[in-house]
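> Sequence and predicted structure below; questions after.
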Amino acid sequence: MLHPLITRLSRQILDGKPLSEEQGNLLAELENGHTTELLFAANAITRAMGHRPFTCSITNAKSGTCSQDCRFCAQSGHYNTGSPTHPLLPLQELIDRGLAMHEAGACCYSLVTSGLMLSSDEIDRIAACIEALKSRTSLQLSASLGLLNQDYAHRLTQAGLTRYHHNLETARSHFPSICTTHSYDEDIATIRLAKEHGLRICSGGILGLGESWAQRVELAATLAELDVDTVPLNFLSPIAGTPLQDSPLLSVHDALKSVALFRFMLPKANITIAGGRERVLGDYQSWLPLAGANGMMIGNYLTTRGRDLDADLKMLEQGTWI
Ligand code: SF4
């Protein structure tokens, strides 16, 4: 039997009425003994909304030496992390990586670059890659290129880009503790601009940055208000050399409960799990669908290795994924 609050709020969602931030906080405040019920209910919402399992993949198209000081990030030029650095990869290599992920079974391929914003020449190269992959694969093409302006958004959509990824990383109220070199409003402006150009939005964050439960709900409420299509959730895997290197890992309980809360707050969005799932969840990764996730990133992440691709694909085939 479900806790009456979980039953009531699940019904509200299935009746088409989104939760308020206040209601999300009530769920977050439930005692741990009710977490399994929360997970079951989140899974029921995922199925009722008709979400299908999907996979996505990224390539680190440009790595490191970033001018920004995001305190979790191996690629920030402010910290000495020993993370690989390279300029934007040559066009053919970007294309070949996309073809390889298509071959491996990914549905979506995203080109990800470090830095606040690309140069005009770099946008040209990304656009050429998108055009080439669009003509040769059925991949949904996404990009995560930092801040956008009108001109960049126009050129990318003309090339065939259909999705734009731009994480908010954390709640507005926690952001100043995580990044001081650009503002939350700049990130929101880029998401709004991408939407204006008809791009589907992939935006989420990293859990385990020292945020409170209320701040997790706050981030979810902001993403719901922005009406994003897909929410990638990462779990902090602390990187040596960054200011957050000694942060504790999220517990399995907190990670799964967080995913369930995002499912309650964003019933219509795809929720995909990206970095940190192996380290934080270990053998409990197959619980992610139970918690309301319907997607996962396969292959490697930006600066950390993902789980063995065959193991991930086997998990999907075995039906643990919903
Ligand atoms: S998260 Fe992005 S903007 Fe922030 S330091 Fe890393 S690469 Fe730069």
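Happy to help now that I have it.

> The residue nearest the centre of the chain: what secondary structure?
If you average the C-alpha coordinates of the chain and look for the closest C-alpha using Cα atoms, centre = their mean, you land on Pro232, 1.9 Å from that point. Here Pro232 is strand, with the state taken from DSSP: H, G, I helix; E, B strand; the rest coil.

> Over to Gln245?
Under three-state DSSP, Gln245 comes out as coil.

> List the contacts of it.
Contact criterion Cβ atoms under 8 Å, 6 or more residues apart in numbering gives 238-239 as the residues in contact with Gln245. To be clear about C-beta, it is placed using only N, CA and C from the backbone, and glycine gets the same treatment.

> What pLDDT does the model give Glu317?
pLDDT, Glu317: 53.

> actually Ala100, not the one I typed
In this prediction, Ala100 carries a pLDDT score of 87.

> hang on, the earlier thing: neighbours of the residue lying closest to the residue nearest to the centre of the chain once chain neighbours are set aside, how many?
Counting by Cβ to Cβ, 6 or more residues apart in numbering, Gly204 is the residue found nearest to Pro232 once chain neighbours are left out, at 4.1 Å. By other Cβ atoms under 10 Å, 26 other residues sit near Gly204.

> my guess is Gly204 meets Leu223, correct?
Yes. Counting by Cβ atoms under 8 Å, Gly204 touches Leu223, with 6.8 Å between them.

> Need the residues touching each of the two.
When Cβ under 8 Å, 6+ apart defines a contact, the residues bordering Gly204 and Leu223 alike are 168, 231.

> quick revisit: how much space is there between the residue nearest to Pro232 and the ligand?
13 Å (Cβ to the nearest ligand atom, to the nearest Å).

> List the contacts of that residue.
167-168, 223, 228, 230-234, 262, 272, 274.

> Considering only the residues you listed, which also neighbour the ligand?
Checked against the ligand using Cβ under 6 Å from any ligand atom, those yield no neighbours at all.

> Same list (the residues you listed) but as CSV, adding distance to Gly292 and pLDDT.
Listed next are the contacts of Gly204 as CSV, based on distance: Cβ to Cβ, whole Å; pLDDT from 0 to 100:
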residue, distance to Gly292, pLDDT
Asn167, 19, 96
Leu168, 19, 97
Leu223, 14, 98
Val228, 15, 98
Thr230, 13, 95
Val231, 10, 97
Pro232, 14, 95
Leu233, 10, 96
Asn234, 16, 95
Phe262, 7, 98
Thr272, 11, 92
Ala274, 15, 88
